[in-house]
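Peer 1: below is the sequence, then the predicted model.
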Protein chains: 2
Amino acid sequence: MNIGQASKASGVSTKMIRYYDEIGLVRPASRTESNYREFDEREINELRFIRRARSLGFSMPEITQLLSLWRDRERPSREVKAIAQKHLGELDARIAEMQTMADTLRHLSHCCAGDDRPDCPILADLTGGAQPAEPKSADVRRR
Amino acid sequence: MNIGQASKASGVSTKMIRYYDEIGLVRPASRTESNYREFDEREINELRFIRRARSLGFSMPEITQLLSLWRDRERPSREVKAIAQKHLGELDARIAEMQTMADTLRHLSHCCAGDDRPDCPILADLTGGAQPAEPKSADVRRR
DNA sequence: ATGGACCTTCCCATGATGGGAGGGTCAAGG
DNA sequence: CCTTGACCCTCCCATCATGGGAAGGTCCAT
């Protein structure tokens, strides 16, 4: 199986397959005499594994760890779970951060008339209460 | 005011101030005869504006637009609101995506014993039901 | 044997940010 | 006046995962 077929079978672009090869994430696939990469079922499964892990937001270093645990039939599931939970924590943290942004933005947007007039609470917030005059905004929560 | 002071006053790193200058986000600050950048209050406010906008997740192109609206005293707040709402939509979409990841991961993690044994639903999910044997997982929702 | 679809490697770009080298400038204290 | 240390300048490089594209080799079906 060559790289194009491996790509179709795994859903990973040829570009990325070569990249994973380059960084050693998948073991250097064997080559034909004309230097074409050759993939077997095992490698296709590894590529699918990587794709699925990426879709869950795991970083490449994390995937490297997960792959090596996956290859090890003796692994303790504890280690896998630890990686997953660490990642979950980071995901939750980033979600919370973005949620804060979104909430603030929703509030500001809600307060903005959105008409022809120039007055705009969104710009006012970005300005930070400063600029021309008095900085006496109280309830527009800012971090 | 030189770049170091501007950095302290605005909370933007000197590196980033130079970058914003380079990409034309802040108008090329005036220079002293020894080629030092000089900043006035207006530019400090623009830097603060950028910092606040970044903290709300706006991209540089969006900030470019916001800044030009901010400079224009005749702007219709409609335009500002449109940018904010577009960004809000993107934020919400990314949050939903990450939330899906986190939920899946939470579920898998919950189902994983996390002990010395090698059996691991997390790895099983990443494997995609494939590999050695039967692909008959039904309730482990996968996208 | 020729053409088209494939493969290879190498280089470049992204976006926002930081690190660091090599060299000029300024101000304070001796 | 000169030294010293804290600044400033520009230029280059790296990140992380991904894709685009060029130049050139290979394979297969007609």
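Peer 2: Perfect, thanks for sending it.
Peer 1: what packs against whichever strand or helix holds residue A:78?
Peer 2: Assessed by DSSP states H and E, residue A:78 sits inside helix A:77-111. Applying 3 or more CB pairs under 8 Å, 6 or more residues apart in numbering or on different chains; DSSP states H and E, we find helix A:77-111 packed against helix A:60-71, helix A:121-127, helix B:77-111, helix B:121-127. In short, each C-beta sits where N, CA and C put it, glycine included.
Peer 1: say whether DNA strand D is contacted by stretch A:15-31.
Peer 2: Yes: using CB under 7 Å from any atom of the strand, stretch A:15-31 reaches DNA strand D at A:15, A:16, A:19.
Peer 1: one step back: and the helix holding residue A:78, what's its mean pLDDT?
Peer 2: Averaged over helix A:77-111, pLDDT sits at 94.
Peer 1: relative to helix B:77-111, how tilted is that helix?
Peer 2: Interaxial angle of helix A:77-111 relative to helix B:77-111 (axes from the mean of the first three to the mean of the last three CA atoms, to 10 degrees): 160 degrees.
Peer 1: is DNA strand D contacted by helix A:77-111?
Peer 2: No: applying CB under 7 Å from any atom of the strand, one finds helix A:77-111 separated from DNA strand D by no less than 12.0 Å.
Peer 1: still on that earlier bit, so which of the helices and strands packed on helix A:77-111 gets nearest residue A:94?
Peer 2: helix B:77-111 (6.6 Å; CB to CB).
Peer 1: nearest residue to the middle of chain A?
Peer 2: residue A:57 (4.2 Å; CA atoms, centre = their mean).
Peer 1: and the helix or strand residue A:17 falls within, what's buried?
Peer 2: In this structure, residue A:17 sits in helix A:14-22 according to DSSP H and E. Under the neighbour-count criterion of 16 or more other CB atoms under 10 Å in any protein chain shown, helix A:14-22 has A:16, A:17, A:20, A:21 buried.
Peer 1: dump these to JSON lines, plus distance to chain B and pLDDT.
Peer 2: Formatted as JSON lines, the buried residues of helix A:14-22 follow (distance: CB to the nearest CB, whole Å; pLDDT from 0 to 100):
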{"residue": "A:16", "distance to chain B": "17", "pLDDT": "96"}
{"residue": "A:17", "distance to chain B": "17", "pLDDT": "96"}
{"residue": "A:20", "distance to chain B": "15", "pLDDT": "94"}
{"residue": "A:21", "distance to chain B": "19", "pLDDT": "94"}
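Peer 1: and those residues, which is closest to residue B:100?
Peer 2: The nearest member of the buried residues of helix A:14-22 to residue B:100, counting by CB to CB, is residue A:16 at 21.9 Å.
Peer 1: DNA strand C versus that closest one, what's the distance?
Peer 2: 12 Å (CB to the nearest atom of the strand, to the nearest Å).
Peer 1: try residue A:68
Peer 2: Using CB to the nearest atom of the strand, we find residue A:68 at a distance of 23 Å from DNA strand C.
Peer 1: and for that residue, the neighbour number?
Peer 2: Neighbour count of residue A:68, defined by other CB atoms under 10 Å in any protein chain shown: 11.
Peer 1: on that earlier part again, wait, a helix at the residue nearest to the centre of chain A?
Peer 2: No: read with DSSP: H, G, I helix; E, B strand; the rest coil, residue A:57 is coil and lies in no helix.
Peer 1: having no further points to raise, I will conclude here.
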